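In: Build the 3D model from these lines:
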Amino acid sequence: MIYPNPRHLRAFVAVATTSSFGMAAKQVHLGQPALSQAIANLEQMVGVPLFERTTRAVRLTPAGLDFLEDARRVLDDNERLMRRGSEWATSRRGTLKLLSILSVAQRLLPQVVREFTRAYEGASVEVFDVPDPLLRQKLSRREGDLAFISETNIGPEEVVLPFLRDPFFCVFPAQHRFAEMRSIPTSMLTAEQLVLPRRGTALRSYVDGAIGRLNLKHRPVEVDHLATLVGMVESGVGVCLIPALSCPPAALQSVLARPIDHPSIFRRVAFARLRDQVTMPLVESFVHLTIQLLDDGDLGLPPGVELVRPTTSAVRKFLGQQ
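Out: The predicted structure follows:
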C-alpha cells in the first residue's frame, strides 16, 4: 500500500479549509498546477474523490469530510514527532545519566547540574555517585551516558577526556605542628600516624606512589570511606592524604589542610564513556557546559584544583565527532 506523504496531506487540508485552490496554493507555497497535481495524486492513492469541483466552488465529498479529520490528526502526529526529534537534537528532551566518583558529585556536579537544567529546560539529570570500582562496573554495563572518573586503570573499551588537575592535601587537626606550614614535604610524614584509604582503591594507589619509599614508624590505619578518614583526623587519630576536591570545607575549623610537596601528589579527573556507545546531544551539551563553567571560574573550585582545558580537537574526538 502506498501512503500519502505530509506534502499531499498539507495540500489537502489547505484546500479543504480555504475552499479555494488559489488560496491554498499560496498557503502551502506551491504553484496552483503543482497543488492540483498533489490533490489528484492523493485522490488516486485513496481511490475515491475527496472534492467536488464546480466553476464556482470547491467542496469536500462525504469521503473528503471523513478523510479531513484523519489527515489533521496525522499531520499533528507528524509535527509532534518532528518536534520531539528536534528537542532531542537541541538537548531539551531526554534524561542524562551521570556516573561520578564521590568527590566530584559532591563538590562539582551540584552547580553544573543546576546550570544545565536551567539552560536546557525539558531535559532531566540522574546522578549515580558511587565509588570508583562500582562506577566502572556501571559504565561497562551501559548504566550511564557519561562518567566522571579519576584517570587511572583506563580500560580499552573506555574513552577519556582529562579536564581537572586535583592535587592531594594533608589533612590534620587544627592544633597539629603542620598548622604553621604552607606545604607538607612527604618526608615529614615518616613519624606521623597516617589514616589512609584501604589498599586496592584508586586513591590509595596515588598515595602509595608518593610514600611507598618512606620508612614509616607507624602502620597506617586503613578505612573505606572519605568521611571516615576526616572523622579519624578530627578525633586526633592521625593525619590523612586526600585530593583537594575531597577536603573538608574551611567552615570545619577543627581540621586544616595543606598541599603535599616534594614530591607533590595529584590525580587527573576525566570524563569517560564507552568507546562504542553513541554520544547523544545531551552528553555533548553537558561536557561543553562543564568546561565552559570551569573556564569562566563560576564553580568555585577548592584551592589547588585547576582546569586542564582540553583542546577543541580533543573534545571532538572524545565525543566521537572525528
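In: Where does the most far-flung residue of the chain relative to its centre sit: helix, strand or coil?
Out: Distance from the C-alpha centroid of the chain, by C-alpha atoms, centre = their mean, peaks at residue 55 (61.8 Å). Classification of residue 55 using DSSP: H, G, I helix; E, B strand; the rest coil returns coil.
In: same thing with residue 63?
Out: helix.
In: per-residue confidence at the closest residue in space to it that isn't next to it in sequence?
Out: Excluding its sequence neighbours, the residue lying closest to residue 63 (C-beta to C-beta, 6 or more residues apart in numbering) is residue 48, at 4.6 Å. Glycine gets a C-beta too; all of them are placed from N, C-alpha and C. In this model, residue 48 is scored at 91, pLDDT.
In: Give the full set of residues in contact with the closest residue to residue 276 other than its chain neighbours.
Out: Using C-beta to C-beta, 6+ apart and skipping residues adjacent in sequence, the residue nearest residue 276 is residue 157, 7.4 Å away. The neighbours of residue 157, taking C-beta atoms under 8 Å, 6 or more residues apart in numbering as the test, are 140, 274, 275, 276.
In: same question, residue 168
Out: Residue 168 makes contact with 206-207, 210, 241-244, 259-260, 264-267 under the criterion C-beta under 8 Å, 6+ apart.
In: Can you give me the distance of the residue nearest to residue 276 to residue 196?
Out: As judged by C-beta to C-beta, to the nearest Å, residue 157 and residue 196 stand 30 Å apart.
In: Please enumerate the helices of the stretch 151-300 of the chain.
Out: Ranges of helices in the stretch 151-300 of the chain, per DSSP state H, counting those that start in this stretch, are 202-211, 226-234, 281-296.
In: among those, which gets the worst mean confidence?
Out: Per-stretch mean pLDDT for the helices of the stretch 151-300 of the chain is lowest at helix 202-211 (a mean of 86).
In: Could you list every helix and strand in contact with that helix?
Out: Here helix 202-211 touches strand 146-150, strand 158-173, strand 194-197, strand 239-243, strand 266-274, going by 3 or more C-beta pairs under 8 Å, 6 or more residues apart in numbering; DSSP states H and E.
In: Which one, of the ones you listed, ends up nearest to residue 91?
Out: Residue 91 lies closest to strand 146-150 among these, at 12.7 Å (C-beta to C-beta).
In: angle of that closest one against strand 158-173?
Out: Strand 146-150 runs at 50 degrees relative to strand 158-173, counting by axes from the mean of the first three to the mean of the last three C-alpha atoms, to 10 degrees.
In: Residue 197 contacts residue 208, doesn't it?
Out: No. When contacts are counted by C-beta atoms under 8 Å, residue 197 is not listed as touching residue 208 (9.9 Å).
In: Of those two, give the one with the bigger neighbour count.
Out: Ranked by neighbour count (other C-beta atoms under 10 Å), residue 197 and residue 208 place residue 197 first, with 26 against 14.
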